[in-house]
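*Asks:* compute the structure for the input listed below.
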Amino acid sequence: MAQEMPIKLTYVVSDISRALGFEWIIEEIDKKKIELSFILISGPDTEMEKFLIRNSVTYQRIEYHNKWSLPHAVLKSFLFLKKNRSVAVHTHLFTGSFIGLIAAKLAGIQNRFYTRHYATLNHEYHPNAVKWDRYLNKKATKIIAVSENVKLTLTDKEKVDSKKVVVIPHGFKLDLFHNPNKENVKILHSKYNPSNKSPVIGVISRFTELKGVQYIIPAYKELLNSYPNALLLLFNALGDHEQKIKELLNELPQESYRTVEFENELPSLYHIFDLFIHVPVNLNIEAFGQTYIECLASGIPMIATLSGIAPAILIDRANCIIVPYRDSNSILNASNLILKDETLRNQIKANSYPSVHKLFEIKRMVSQLEELYLQ
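*Replies:* The predicted model follows:
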């Protein structure tokens, strides 16, 4: 009996330089059942494009600058899908989904999967854009929500039929975070903390209002009174709240902090921190919060607010310290507690990895995606 040919599935992705999640999917997906290709809506020479080349994955890169580029991008995507004989598409992020779902519809592709990577963002910050979210919801035949929070946004706020939505949380190669490359950790330590300052407070959040970085900096300013040799490392230091955050940073001694726009070696990065802080401003604003999982897998003590996936996995004083939203004083108190209480600190470290192990492994996510694609 002849073996069935794998289905041709095209991912349409925008606005990324590198995304470990896509690399892991490419490595883990059953290539006997699914033949992956990519449309990248990006500029040249991204790490993602280099990865596709190294792994001999068929792809088309399309540059997109503004709305006037839309017809060209849709046409190029349409032509790729037809030439590739794709029978399904899976789109990610707003621009990629807008272009990819229109092109797939024009190409007559019946299976149009769309991952919703944000929750109430547009409802709270860009209400005029909600109509475009609803447009994408209609164009997709199946919507993948990365958390129950995203599903509720889709079904309650945007009135999407619950049968159209499937929850598939992000997956990770957790062992990369739990057992990082020791040489990489040394390199990162030398790169970002050459003076061996301590304690090191880590933040990996875009400079947008919703991430709450503006509440971390005043807390850190007070923490310096007790720990004058501390170092605040802020990664993903770009965003529309950048000016406000820079004003707050200017109140700190220059040698006490460092901002970094992008770091490729994410799994090892957490291990140069003594303490990690992630404090989104409300329960629903974070769609998932990958950094919660990454930090827990790394076993680094974390101070956090509850948002996205956090309510399902975080337990106060067991695997983290939970603080109220928009509360610098609570962040300060929690930082002092973790740094001073060795017993609590060790307890949090011991409980961190077990709280995410198995639940968020990449193999589990890929298995769920394969099941969805092959229905």
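*Asks:* quick one: buried residues of stretch 325-342?
*Replies:* Neighbour-count burial for stretch 325-342 flags Tyr325, Asp327, Ser328, Ser330, Ile331, Leu332, Asn333, Ala334, Ser335, Ile338, Leu339 (criterion: 16 or more other CB atoms under 10 Å). Just so you know, the C-beta spots here come from the backbone N, C-alpha and C atoms, and that holds for glycine as well.
*Asks:* next up, the contacts around the fourth one.
*Replies:* Right, Ser330. With contact set as CB atoms under 8 Å, 6 or more residues apart in numbering, Ser330 has these partners: Val323, Pro324.
*Asks:* look at it and give its secondary structure.
*Replies:* For Ser330, the assignment made with DSSP: H, G, I helix; E, B strand; the rest coil gives helix.
*Asks:* please shift the residue numbers so they start at 362 in all later answers.
*Replies:* Shifting the count to begin at 362 puts that one at Ser691.
*Asks:* thinking again about what came up before, could I get the buried residues of stretch 686-703 in a markdown table, plus columns for distance to Leu735 and pLDDT?
*Replies:* Formatted as a markdown table, those follow (distance: CB to CB, whole Å; pLDDT from 0 to 100):
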| residue | distance to Leu735 | pLDDT |
| --- | --- | --- |
| Tyr686 | 41 | 98 |
| Asp688 | 47 | 98 |
| Ser689 | 49 | 98 |
| Ser691 | 47 | 98 |
| Ile692 | 46 | 98 |
| Leu693 | 51 | 98 |
| Asn694 | 51 | 98 |
| Ala695 | 45 | 98 |
| Ser696 | 48 | 98 |
| Ile699 | 46 | 97 |
| Leu700 | 50 | 97 |
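*Asks:* may I ask which two of these are separated the most?
*Replies:* Tyr686 and Leu700 (22.3 Å; CB to CB).
*Asks:* tell me the contacts of the residue sitting nearest the centre point of the chain?
*Replies:* Residue closest to the average C-alpha location in the chain (CA atoms, centre = their mean): Gln651, at 4.8 Å. By CB under 8 Å, 6+ apart, the contact set of Gln651 is His531, Phe533.
*Asks:* in stretch 593-601, what counts as buried?
*Replies:* For stretch 593-601, a neighbour-count test (16+ other CB under 10 Å) marks Leu593, Leu594, Leu595, Phe596, Asn597, Ala598, Gly600 as buried.
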